[in-house]
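Trainee: what's the 3D shape of this:
(chains A and B)
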Amino acid sequence: MEQVVDQPNAARRLLLFGLVSAYTASLIPWALAQEVTEADTAPFVALSAILAGRQSLDSVQALRLYKALVADDPGFPAAAKALLDTIEQRRIDPMQLQKTLDDEKSPLKLVPWRIMTAWYMGIVGDGAKARCLAFETALNAQAVADVLKPPTYAYGAYGSWTRKPT
Amino acid sequence: MADALSADFVVVGSGIIGSLVARKLALAGASVIILEAGPRVTRGELVARFRNSPRRSDWMSPYPPAAWAPHPVYQPEPNNYLMQAGPYPYAAEYIRQVGGTTWHWAAHAWRNLPNDFRVKSLYDVGVDWPMTYEDLEPFYQEAEEIMGVSGAPNTGSPRKRPFPMEPVAEPYAMRRLRERLASDYQVVSNTTARNSRPYDGRPACCGNNSCQPICPIDAQYHGGLAAEAAEGAGARLLPNANVYKLEHEEKGRIAAALYYDPDKASHRVAGKTFIVAANGIESPRLLLVSASDKFPKGLANSSDMVGRNLMDHPSTSLTFDADEDVWLGRGPQSPSSINTMRDGAFRSQHSPYRLDFTNISRVDGATKSLIAAGIYGSELEKRLRFSAAREMNVKNVLEVLPDPEHRITLSSEKDAMGIPKPEAHYAIADYTRRGHERSQQDFRRIAELMGGTNLRFSKDGDFANNQHICGTLSMGSDPKTSVCDQWGRAHDHENLFLASTGVLPTSATCNSTENGLAVALRAVAHMLGQHNTSTAAGEAKT
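Mentor: Residues are numbered from 1 along each chain as shown, chains lettered A, B, ... in the order given. I've put the predicted structure just below:
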């Protein structure tokens, strides 16, 4: 997994700045350093960074999730851009975003859920079309990886689970 | 040549009970054919399916039904195989593949309590079993030695010999429950078919925390191992052989099993003795679809009891946040419980129950809930870690009493092979609801002792099912009110035996598998005696 945690590259930051306002930029944890080489993925990456609140996101996984989301919905890139614009223009806090979209019955109201389900569960798509793109690299597994192993991964030697988790 | 198949014993179903009966018969020198409706699937395939599943909390997701031998699934959409006549849905889950449903059990391998065998005499509810605890004790031991059962002696079921293994090491979260509840409750280790040391060529548990839907290392016993053992003992196992009819002779002896292969070609297997071991739903279904002019209500059904007295273990639960970090998900999924309400004079009034603590990781469930609640940004990870560390859950496991109106019948709808689907008629009786109500005070007290906040009781009126199907082939001494005798022999057919949790006449408060298995192992000597081959072999001598 290519997880880059070094300081952001100025050129990449500029590319994202070209898309986002100072307000949105303030929401992005700028330790995020991704290979944002394709302009059409930039809104998705920026949204992912805002919604996931992560210091780093894996670029290979970002591209896989993005492609899957677009495969399900060709309108996804435009929806992601529209949602990013909405956050920028109205300076919506991430914690208020879903309520705002729901209250306004926004056509974009499922976009954050889709992006977050992709990153945190590793799952893209609904019902019978749902598929798993990440398991041990899904962000919910990563978020607790210092204490818990993903199911099916050996916790450790017999009895190691009796110790107090630290 | 398939149509020329025959054997001394023909076993329908390759689950843990059918396979271990077949093994014991084969070890005694008999020829045995096992007919399994579903396919062979390997452990490696199942682990891969689980990891790649978009529904990791749906434990049926690694077990999609075969088109030619369906079983019920409910996600992403119900496949409507097990039809529901109501009034309360009976959403049973089981697996039709080589090895059967214990591929994805939690490996609870409990013995009943001695009083569970005498609830009619003692409490004037349900029925008495046609055997005593003492009759069954050696066969519990035999089952435990085959499966490799670990447990502690303080769970209320007396034993003459020790468990094969000491209890599996206690997860930290369960230790904290045991310590903090000690003033009010004794928290005990569950009795499980899970290795606490290398046993029978299989490793000790490594805490993978995926006991359900699949133990990736076979530290947990399952029916796939039982089927392998049967084949190793000389039984011939035919997968993808969906038995759709048992044929009988003029006087009622069973003559042959007819099965469809996946292309719906019909095959006939002759035998001297037939053993139906196709679980508590498929077994009565097979007896009912085998109706003939001589037996218009179906085989073994002069009592009209086939399919009736359907029982399981409904559960309600409480989820709460403890006041300390315990991090469920380290070690096996289902390690500990409280057994104090499994028996008592109150059983004349309300259902007894076991209180069961989960140790299943909360990570996926909490993630879904938080995302659904619109928790985004840095707050998400913070709250996810809090829930993963603090969330705990306790559920009751409630007894259901036999009621002839709760039953499996044949639906007017047919499956892909043209065989009538099973149909469930089920309800939650007041006796069970009263047990649920009584358990709420335990739920609250447990939460209180753990410093619990954010108490989330399961929705009022909702009962989760535990997939411990029993009662539908009930054994008993009276042929007018039961399907088979204590040996599982159908009252109406001298060479037809039933080996299944379906023969259990009451459900008690613990998982049905070991009880059904012990009853079946006890019957093997009788099957062999009747068949007049060599004497019973195996771990237990009668």
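
Trainee: just the pLDDT at the residue nearest the centre of chain A, thanks.
Mentor: Geometric centre of chain A, nearest residue: A:S48, 3.3 Å, by CA atoms, centre = their mean. As predicted, A:S48 sits at a pLDDT of 93.

Trainee: just A:Q3 next, same as before
Mentor: On pLDDT, A:Q3 comes in at 43.

Trainee: picking that back up, just checking, what packs against the helix or strand containing the residue nearest to the centre of chain A?
Mentor: Using DSSP states H and E, A:S48 maps to helix A:42-52. The criterion is 3 or more CB pairs under 8 Å, 6 or more residues apart in numbering or on different chains; DSSP states H and E, and the helices and strands that helix A:42-52 contacts are helix A:10-17, helix A:22-27, helix A:59-72, helix A:76-90, helix A:94-103, helix A:111-116. The C-beta positions use only the backbone N, C-alpha and C, and glycine is treated the same way.

Trainee: so how far is B:R456 from the closest residue to chain B within chain A?
Mentor: Per CB to the nearest CB, A:Q98 is where chain A lies closest to chain B, at 2.6 Å. For A:Q98, the distance to B:R456 equals 21 Å [CB to CB, to the nearest Å].

Trainee: higher neighbour count, the two?
Mentor: Applying other CB atoms under 10 Å in any protein chain shown to A:Q98 and B:R456 shows that A:Q98 carries more neighbours, namely 23 against 12.

Trainee: wait, the more buried one sits on B:G374?
Mentor: Yes: using CB atoms under 8 Å, A:Q98 is in contact with B:G374, at 2.6 Å.

Trainee: low-confidence regions, the chain specifically.
Mentor: In the absence of a named chain, chain A is used. For chain A, applying pLDDT under 70 flags the ranges A:1-22, A:24-39, A:55.

Trainee: that's the wrong chain, I meant chain B
Mentor: B:1-3, B:530-542.

Trainee: let's go with 90 and repeat that
Mentor: By pLDDT under 90, the weakly predicted segments of chain B are B:1-4, B:529-542.

Trainee: can you name the residue of it nearest chain A?
Mentor: Across chain B, the shortest distance to chain A (CB to the nearest CB) belongs to B:G374, at 2.6 Å.

Trainee: that residue reaches A:L97, doesn't it?
Mentor: Yes: the pair B:G374 / A:L97 is scored as a contact, 6.9 Å apart, by CB under 8 Å.

Trainee: circling back to that earlier point, ok, now how distant is the residue of chain A closest to chain B from A:I92?
Mentor: On the measure of CB to CB, A:Q98 and A:I92 end up 10 Å apart.

Trainee: tell me the contacts of residue 92?
Mentor: Looking at chain A here, since you left the chain open. By CB atoms under 8 Å, 6 or more residues apart in numbering or on different chains, the contact set of A:I92 is A:86, A:100.

Trainee: oops, I was thinking of chain B
Mentor: Here B:A92 is in contact with B:72, B:82, B:281, B:312, B:424, B:465, B:467, B:469 (CB under 8 Å, 6+ apart).

Trainee: now do 6 Å
Mentor: By CB atoms under 6 Å, 6 or more residues apart in numbering or on different chains, the residues touching B:A92 are B:82, B:469.

Trainee: can I get the helices and strands packed on helix A:42-52 in TSV with distance to B:L177?
Mentor: Converted to TSV, the helices and strands packed on helix A:42-52 look like this (distance: least, CB to CB, whole Å):
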stretch	distance to B:L177
helix A:10-17	48
helix A:22-27	41
helix A:59-72	37
helix A:76-90	44
helix A:94-103	33
helix A:111-116	32
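
Trainee: of those, flag the one that's most buried.
Mentor: Stretch with highest mean neighbour count among the helices and strands packed on helix A:42-52: helix A:111-116 (a mean of 22; mean count of other CB atoms under 10 Å in any protein chain shown).
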